[in-house]
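>>> sequence? don't have it. structure:
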């Protein structure tokens, strides 16, 4: 959870960048893209760890990690579409990086960082209820 929090904080520091600066500055773009990738990976890794530890069904892919967590009541079903979008975005960043739409990434930076907090809160709530 500490790494996820660190990644989110790093992204929050870049939220004040305007679209023109974001588009024109490749170092900022690369930093945001990579940090978003790392944050999504952290959510997936945490989810995979819980799935294995609890003996839940094996997910078929990254999107399915979040579906399993939702099926098991760890992640609220109403939040599932946001997490599935997160997994799809991660796949785009990693596998189709030549076709990244700067305006989409910029929009995620400006409007969707709370998704990481919501994921962390859901998992933390589950882990705390267990103990």
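Cool, got the structure. In this text, all values refer to a predicted model and were calculated from it rather than measured experimentally. Numbering: from 1, shown residues only.
>>> what about the protein, any weak spots by pLDDT?
Along the chain, segments meeting pLDDT under 70 span 131.
>>> What distance do you get for residue 43 to residue 49?
Computed with C-beta to C-beta, to the nearest Å, the distance linking residue 43 and residue 49 is 11 Å. The way it works is simple: take the backbone N, C-alpha and C, and place the C-beta from them, glycine included.
>>> by contact count, what packs against the strand or helix carrying residue 35?
Counting by DSSP states H and E, the element that carries residue 35 is helix 26-54. Helix 26-54 makes packing contacts with helix 2-13, helix 19-24, helix 62-71, helix 80-95, helix 102-111, helix 114-130 when contacts are defined by 3 or more C-beta pairs under 8 Å, 6 or more residues apart in numbering; DSSP states H and E.
>>> Determine which stretch of these is the most buried.
Mean neighbour count (mean count of other C-beta atoms under 10 Å) peaks for helix 62-71 among the helices and strands packed on helix 26-54, with a mean of 21.
>>> Can you tell me which helices and strands that helix packs against?
Packing contacts for helix 62-71, counted by 3+ C-beta pairs under 8 Å, 6+ apart, involve helix 26-54, helix 80-95.
>>> Let me see the residues that make contact with that helix.
With contact meaning C-beta atoms under 8 Å, 6 or more residues apart in numbering, helix 62-71 is reached by 44, 47-48, 50-51, 56-57, 59, 75-77, 79-80, 83-84, 86-88, 90-91, 122-123.
>>> who's more crowded, residue 43 and residue 49?
Comparing residue 43 with residue 49 by other C-beta atoms under 10 Å, the one with more neighbours is residue 43, at 27 against 11.
>>> Give the full set of residues in contact with that one.
When contacts are counted by C-beta under 8 Å, 6+ apart, residue 43 touches 4, 83, 86, 116, 119-120.
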